[in-house]
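pasting a predicted model and its sequence here:
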Amino acid sequence: MRKIIALLFVLPLLGAAQNNSGEIHGDFDLSLQTYKEDKSIGAKAADEVLLNNAYFNLLYTKGNFTVGIRYESYLNAKADYDPEFRGNGIPYRFASYNKDGLAITAGSFYEQFGSGLIFRSYEEKNLGLDNSMDGIRLKYSPTNGMYFKTFIGKSRTHFTYADGIFRGIDGELNINDLFGFESKTKAIIGGSFVSRYQKRENIIFKIPQNVSTYASRLNIIHGGWNYFGEFAYKINDPANSLSESNMNYASGSAFINSIIFSKRGFGVSAEMHRTDNMTFKSDRDKDGKAFLINYIPTLSKPHAYSLLALYPCATQADGEFGVQFDIFYKIQKGTLLGGKYGTKLDINYSRINVLNGGTSFLNDHKEHIPMLISIKDETLYFNDVNLEINKKISKKLNATFVIANQTYNKDFLEGHPKGDYGILNSTILVADITYKVKTKHAVRIELQKLNSKQLEHADELAEGDWSMCLVEYTISPNWFFAVQDMYNWGNEDVEKQLHYININAGFIKGANRFSIGYGKKREGIFCVGGICKLVPSSNGFSLNISSSF
Amino acid sequence: MKNYIALLSMILAFTSCDIEEGMYNENYDSYINPDKKVLIEDYTGHTCPNCPAAARELKAIHDIYGDQIIGMAVHVSKSFARPLDVSHAPEYQYDFRTNWGDSWNSFFEISIAGLPRGMINRIGYQDNSHKLGKDEWASSVANELKKEIDFKISISSNPVDSTISIVTVVQNNINSEYNLVVCLTESNIINWQKDGQYNVEDYEHNHVLRTVLLDAPLSNSTSYIAGQQIEKTINYDLTSLEQSNIDYSANTAEMGNGNAGDWVKENMNVITYIYNTNNYEIQQVEEVHLITQ
């Protein structure tokens, strides 16, 4: 039946090709990796030797009408993916049109209300996460400065659907546009509502069949100032368990606040957020990322450099309180520190800790409501203070330096009992230098060092200190070559003082990109936007091909 | 105008939300078949911090339904069930893993989905819905307990001559292929277990799978007639079974240490179940003490 439905979406594409009307676009991505056993790093061989992830998007647009499909292939999925992604299929297909302000989508769609605190349907290939909705969505903008979105659907999990049925509505008013105010101050207000229906029967406990969430948001912009705040609330959403100690009828809540000031060469921002019992899933009984249907934006700086991202912060939707401050300043060119081209500075601080006494809990025998704001004496999840300096030294030479100090509660953030690994404190130095050898030829060198210590006694041996070196040579616009070595020279387990070497080369021409690589990867945590996954260690070759038209 | 009506009709779809006052349900349709029994296989590990919550859920389900629920803890995976390096963690030195547990884990692909996971009568293997998180167990158990039975099993254990006799009585005329499995489990094993943020020294490990004595066709025929009785008697040698577990841990299991002995026969149970070899669903299960207490 699904194949027939998918065919209905494909037919207009074929017709379009014949009639030469409308536009067809698409993109393709193939990622292959071999896995061989490497006992030194704990890497397992794949029974299949070679694992594969591939996607093909096809989109046809004619005027206000769009149809699209995505074919996905996991034969079988790469080792850092959820193994439930298995086989081939067309899990994403949709048709939509837009007329007189009303946009209608039937089939698959991605959607987000506000910051996503109560609802975010999105895909993140790097995490192997795709919770696209399948159903009906309407968007209507009756007049300038006002829109409503509403949908009904089920959420994708792997190649099937989660059990819950979702209904949602979101509206936003741009006060200035709506009433024609000509003012330096602009205000946008919004509100959203999402409800999940899931039939459950429990012999002992009451289980709410309809679980609702609400959110309201406010955005005020005045000159260089920008304030955004959102508050979300979720009604009781207990697990369908028979274990009394597991039954939590507490409601959930979350807020985020950010204030930003920016002008040319200077920017400052302050953020604060708090989440409490705000994990909202597409199936109340299931666990795992695949069933998350909301998103709590991360409150720490997303780092790209390997050793800065070695111990990343995973957002705790169940409960955390955090603050973040960021100052950006560009020292003007022609000054003592600015030099000929100017110097960019970025200072960032973030701190995230447990809620006072833990997450809210409520049942007939036990009640706990954590304090709204509590920082002192609370268990720390994550702390990061870092300074990034970007300096163009000459026409040929550009450099970035980072110094950071991070504190990482490895036990809590990775789900270990207290005392297994303890809390790690790391100081990280990064130097990233790019030198233009000649026209179209550039060499980039990254040097990184991480010194780590356990702040208290831990049962397990620490990974300790790391160094990393990367040399990358680019011949624009077609070629790149890179060699990277991550060396865990400070591991307390002498047998694990290993080099993780990776070699990559790529060729880009027009819309096509090819790259091959070989190397060892360390087992670790990989995060995008505070959502994290465990990446197993691996040893093998990789091939990536991507293309678009 | 039509646009407004379309939007309005969608908005009206969002009517209710269910804020519960009090936690206890007084209106539950509680019909269950008193003859139906359910096997909950709890795939677990002593270094899996989230696994004791699943064991507590199994106990809560057992507390509700009594002996109609039969539990089995199957310790699996290198990550969560292997003994840890003695120099770093001298506590976690016991190896609860077995040859059979590891092979079920591999066949049903349980621990690859993360632990704890369980199977309820192994329902759903054919559509890959058999690996259940602990919060899925209660619903699945309730559904199973409503089902009619095709077999009744009675077990008698004779520890003096080390035999176990099983009598299966067919309840309906049926045509399919079935296997009979006989296992031994052990309870009241006090040993270390990671539990959330804590390392618990005196954790009570219950109904831990120790060995499988039989996994063979229930009969030579695929045709069963109501009232038909099938009898089977098994001899066992507990010492050699224990030794084979020790050997498995020492020689075969990943990073095992051979520390898999110290069986206490007084704490052992016999679990017998019949499963359909086409879909692996367990039709009926029974449990008795190895030594009558």
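Arrived safely. This structure is a prediction, so every number in the text was calculated from the model and none was measured.

got the contact list for A:G87?
Contact partners of A:G87, counting by CB atoms under 8 Å, 6 or more residues apart in numbering or on different chains, are A:73-75, A:159. Glycine gets a C-beta too; all of them are placed from N, C-alpha and C.

same question for A:E460.
Each residue near A:E460 by CB under 8 Å, 6+ apart is listed here: A:416, A:420-421, B:88-89.

let's see it at 6 Å
If a contact means CB atoms under 6 Å, 6 or more residues apart in numbering or on different chains, then A:E460 has A:420-421 as its contacts.

so for it, what's the pLDDT?
Looking at A:E460, its pLDDT reads 83.

need phi/psi at it.
For A:E460, the backbone dihedrals (degrees, to the nearest 10) come out as phi -90, psi 150.

relative to A:K206, how far out is it?
Going from A:E460 to A:K206 by CB to CB, to the nearest Å gives 42 Å.

ditto for A:I165
Taken as CB to CB, the span from A:I165 to A:K206 is 20 Å.

compare these two (neighbour count), which wins?
A:K206 (21 against 18; other CB atoms under 10 Å in any protein chain shown).

how about the contacts made by that one?
A:K206 touches B:20, B:25, counting by CB under 6 Å, 6+ apart.

can you pull the pLDDT of it?
pLDDT at A:K206 comes out at 92.

what's the answer for the one 4 residues further on, then?
Reported pLDDT at A:N210 in the predicted model: 96.

now swap in A:R2 and tell me
53.

ditto for B:K2
Value listed for B:K2 in the pLDDT field: 49.

could you do A:L543 as well?
97.

pretty sure it is touching A:S515, no?
No: judged on CB atoms under 6 Å, A:L543 makes no contact with A:S515 at a distance of 7.5 Å.

B:A113: neighbouring residues, count only.
17.

if I look at the nearest residue to it once chain neighbours are set aside, how far off is A:I508?
Excluding the flanking residues, the one nearest B:A113 by CB to CB, 6 or more residues apart in numbering or on different chains is B:K131, at 5.0 Å. Applying CB to CB, the value for B:K131 to A:I508 is 42 Å.

of these two, who's got more company?
B:K131 (20 against 15).

low-confidence ranges in chain B?
B:1-16, B:29, B:293 (pLDDT under 70).

tell me which residue is most central in it.
Centroid-nearest residue in chain B, with CA atoms, centre = their mean: B:E41, separated by 1.6 Å.

that one contacts B:M72, doesn't it?
Yes: B:E41 lies in contact with B:M72 (CB under 6 Å); the separation is 5.1 Å.

who touches both of the two?
What both B:E41 and B:M72 touch, as defined by CB under 6 Å, 6+ apart, is an empty set.

ranges for the helices of chain B?
Taking DSSP state H as the test, the helices found in chain B are B:2-12, B:51-65, B:78-81, B:99-108, B:134-145, B:238-251.

try chain A
Assigned by DSSP H, chain A shows helices spanning A:2-19, A:175-179, A:410-413.
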